[in-house]
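>>> Requesting a structural model of the entry that follows:
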Amino acid sequence: MAAGGYAKLPNGNVVVALTLPRPDGGEGGHGGATVRVLVHAVNRQRALTRVRNLGFRAVRLSGNSEPPTLDEISAVLHHPDGLVWRSRHADDTELWHPLRALRRQNAAG
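Got it, this is the predicted structure:
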């Protein structure tokens, strides 16, 4: 289960925000053992499926305790994949990364 939440957009789509453990469990140069993952999808179930398809098999969203901020929503809407991450406790200077990059780092490391 993941801490997180969602925001429904005016067009009916959603942005889901999840706080997940880093797959490699380490810092990996990005500071912290957890990451904030943002997903833009048609609905919450599809958003979770997109994350699961990239290897985060046990992801569930229960409740809406940590919904995405307006800045996070903007970041994921402007990314071509609609699936981004950065360290959970990152400052505002850390850029958002494609989720595939996190999975590649884990596979290479």
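
>>> Quick one: the helices in the chain, in order.
Taking DSSP state H, the helices of the chain run over residues 44-53, 70-77, 99-108.

>>> Nearest approach to residue 85 belongs to which of those?
The minimum distance between residue 85 and the helices of the chain falls on helix 99-108, with 5.3 Å, by Cβ to Cβ. Placement of C-beta: from N, CA and C, glycine included.

>>> per-residue confidence averaged over the closest one?
Helix 99-108 carries an average pLDDT of 62.

>>> Of the helices of the chain, which is nearest residue 11?
Closest to residue 11 of the helices of the chain, according to Cβ to Cβ: helix 70-77, at 10.7 Å.

>>> In the closest one, which residues are buried?
Neighbour-count burial for helix 70-77, counted by 16 or more other Cβ atoms under 10 Å, picks out 72-73, 75-76.

>>> Now pLDDT and distance to residue 12 too, for these, in JSON lines please.
As requested, the buried residues of helix 70-77 are exported to JSON lines (pLDDT from 0 to 100; distance: Cβ to Cβ, whole Å):
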{"residue": "72", "pLDDT": "93", "distance to residue 12": "19"}
{"residue": "73", "pLDDT": "96", "distance to residue 12": "14"}
{"residue": "75", "pLDDT": "93", "distance to residue 12": "20"}
{"residue": "76", "pLDDT": "95", "distance to residue 12": "16"}
